[in-house]
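*Asks:* From the sequence below, what's the structure:
(one chain, ligands or ions: 1)
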Amino acid sequence: MRLVVYDDYRVGVLADDGVRDVTAVVPGWDPTPPQVFMNRLIAAWERLRPAIEEAAARATPRPLASVRLRPPLPAPLHIYAAPSNYYAHIAEMRGAPAADATTARELGFFLKAPGSICGPSDAIELPDRPGRRFDHESELAFIIGKEARGVARAQAMDYVWGYTCLLDITMRAGGGRNEERSLRKSFATFTPIGPALVTADEVGDYRALRVRCWVNGELRQDASPSDLIVDIPELIEIASATLPLQPGDLFATGSPPGVGPIRPGDEVVMEIDRIGRLALPVRARGW
Ligand code: MN
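*Replies:* You can find the predicted model right below:
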């Protein structure tokens, strides 16, 4: 199933004929911050799925083009992100072969601020930082379905509820500055996600997916998650050994090679087959 959040943060099932409103079935739905209704829906998914399917079947579809898509997961408690998780990306960043490099296996994860999330109808807004470079990183993201504490990799896929596209927008260290990674990746709008959350049963084997990213129509990234250094089960093992993972927690699996700069006026598109396509303009931040 594909779930979207749209207009005034209503919840819909994305079907072939459009968006079907299922908001009435979402427990404790409330569009005002902290907007944790999707987290609650995911936590109760097994019990609620039949009611969601029934409500979707009854609803009158609205054309996708007629709604404003919001981030499909507006407020995960955590955004875990894998650093240095494709050898070819490490090599391009250090300008040397990556065989002896430090990877996500040693580094574990970093956190992006959930407040940096934006959605498919938004823009990537670059702050005014003269001389600094801003990059796109297009990443397969997954969502945790139930509390995970000390989970071994053999059981870890049972905790994956679904998937989405994620752009990990990054201000590179440079110009004599080397701010913490969390700051450089947590500016408002620096975590576009969507267009939908796609349940794991609909995606199947994530290693067979293809992650692509274009800037102004030019293909920049084209990768397979089968090349991840630390795969999804091991990411869950590492993070859940650190603290309990919660339903709705979001993981960015790391950027493949091909990252490059973006500037105001550009358009960034990323697509993962079976998951969807995100297209956002880039502009200068107005505040
Ligand atoms: Mn990244």
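*Asks:* Point out the residues in the stretch 1-150 of the chain that sit beside the ion.
*Replies:* Glu137 (CB under 5 Å from the ion). Backbone N, C-alpha and C define where each C-beta goes, glycine included.
*Asks:* Just the helices from the stretch 1-150 of the chain, written as ranges.
*Replies:* Using DSSP state H, counting those that start in this stretch, the helices of the stretch 1-150 of the chain run over 37-43, 45-58, 87-94, 104-107.
*Asks:* Lowest average pLDDT across those helices?
*Replies:* Here the helices of the stretch 1-150 of the chain differ in mean pLDDT, and the lowest is helix 87-94 at a mean of 90.
*Asks:* Now do the buried residues in it.
*Replies:* 87, 89-90, 92-93 (16 or more other CB atoms under 10 Å).
*Asks:* Just send the helices of the stretch 1-150 of the chain back as a markdown table, with distance to Ala152 too.
*Replies:* Below are the helices of the stretch 1-150 of the chain laid out as a markdown table (distance: least, CB to CB, whole Å):
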| stretch | distance to Ala152 |
| --- | --- |
| helix 37-43 | 22 |
| helix 45-58 | 22 |
| helix 87-94 | 25 |
| helix 104-107 | 16 |
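*Asks:* ok, and the closest non-adjacent residue to the residue of the stretch 151-287 of the chain found nearest the ion?
*Replies:* As assessed by CB to the ion, the ion sits closest to Asp168 within the stretch 151-287 of the chain, at 3.5 Å. Leaving out its chain neighbours, the residue that sits closest to Asp168 by CB to CB, 6 or more residues apart in numbering is Glu137, at 4.1 Å.
*Asks:* can you check Asp222 too?
*Replies:* Using CB to CB, 6+ apart, the closest residue to Asp222 is Arg212 (5.0 Å).
*Asks:* Do me a favour and average the pLDDT over the helix or strand where the one you found lies.
*Replies:* Following DSSP states H and E, one finds Arg212 within strand 211-215. Strand 211-215 shows an average pLDDT of 98 in the prediction.
*Asks:* wait, does that strand make contact with the ion?
*Replies:* No: Strand 211-215 lies apart from the ion when judged by CB under 5 Å from the ion; the minimum separation is 11.9 Å.
*Asks:* Check which strands are paired with the helix or strand following that strand and give the direction for each one.
*Replies:* Of the helices and strands lying after strand 211-215 in sequence (DSSP H and E), the nearest is strand 218-223. Partner strands and pairing direction for strand 218-223 (DSSP bridges) are strand 211-215 (antiparallel).
*Asks:* Number of residues surrounding the residue in the stretch 1-150 of the chain that the ion sits nearest to?
*Replies:* The stretch 1-150 of the chain approaches the ion most closely through Glu137 (4.0 Å), counting by CB to the ion. For Glu137, the number of neighbouring residues by other CB atoms under 10 Å comes to 22.
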